[in-house]
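**Student:** my questions concern the predicted model and sequence given below.
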Amino acid sequence: MGIISGSKVFVLLHLYCCCLNFGTAAVDIDTITSSKSIKDPEAITSNNGDFRMGFFSLANSTDRYVGIWYNNKSIPEESVIWAANRNKPLKDDSGIIMISDDCNIVVSNGQKEILWKQMLEIEQY
């Protein structure tokens, strides 16, 4: 039996437990699988409506990021709590979030360049 190590726990729990089992958003997407990706500007919303995962831009910027943010009407602005590709933003709206065949979460651009990839690290006991 293995466990996921380090700081990856937070990201993986959020993505696998919250984001990948989201309810329907503005578009007809409720899950991410190896055959069903999210394309900019699509997003998914958590079952309880508290969180969204998708593409966003910061104020005064055209760079695009993939993130998770609060989806709470009592919070006046998007409050991003996690961003995947913060070190390598998309330069246009060609972004795709997908699950690769080897079960990694991947953010890529229209040229299929991988901008961010979450690899699983398993420790064996």
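**Tutor:** That came through fine. Note that the coordinates shown come from a computational prediction; the quantities given were computed from them, not determined experimentally. Residues are numbered from 1 along each chain as shown.
**Student:** show me where the protein has strands.
**Tutor:** Taking DSSP state E as the test, the strands found in the chain are 2-4, 38-39, 43-45, 51-56, 65-70, 79-83, 96-99, 105-108, 114-118, 122-124.
**Student:** nearest to residue 89, out of those strands?
**Tutor:** With Cβ to Cβ, the closest approach to residue 89 among those belongs to strand 65-70: 5.5 Å. All C-beta atoms are positioned from the backbone trio N, CA, C, and that covers glycine.
**Student:** okay, now residue 58: neighbour count?
**Tutor:** Neighbour count of residue 58, defined by other Cβ atoms under 10 Å: 14.
**Student:** these two touch, right, it and residue 65?
**Tutor:** Yes. Using Cβ atoms under 8 Å, residue 58 is in contact with residue 65, at 7.5 Å.
**Student:** looking at the strands of the chain, which one has the lowest mean pLDDT?
**Tutor:** For the strands of the chain, mean pLDDT drops lowest on strand 2-4, to a mean of 37.
**Student:** could I get the buried residue list for stretch 61-71?
**Tutor:** 64-69, 71 (16 or more other Cβ atoms under 10 Å).
**Student:** dump that stretch to PDB, keeping only the CA atoms.
**Tutor:** Below are the C-alpha coordinates for stretch 61-71, written out as PDB (Å, rounded to 0.1, in the frame of the first residue of the first chain):
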ATOM      1  CA  SER A  61      -3.300  40.900 -17.700                       C
ATOM      2  CA  THR A  62      -4.100  38.700 -20.700                       C
ATOM      3  CA  ASP A  63      -2.100  35.700 -19.400                       C
ATOM      4  CA  ARG A  64      -4.300  32.700 -18.600                       C
ATOM      5  CA  TYR A  65      -4.000  30.400 -15.600                       C
ATOM      6  CA  VAL A  66      -5.700  27.300 -14.400                       C
ATOM      7  CA  GLY A  67      -6.900  27.500 -10.900                       C
ATOM      8  CA  ILE A  68      -9.400  26.800  -8.200                       C
ATOM      9  CA  TRP A  69     -11.300  29.700  -6.700                       C
ATOM     10  CA  TYR A  70     -14.200  30.400  -4.300                       C
ATOM     11  CA  ASN A  71     -17.500  30.500  -6.100                       C
END
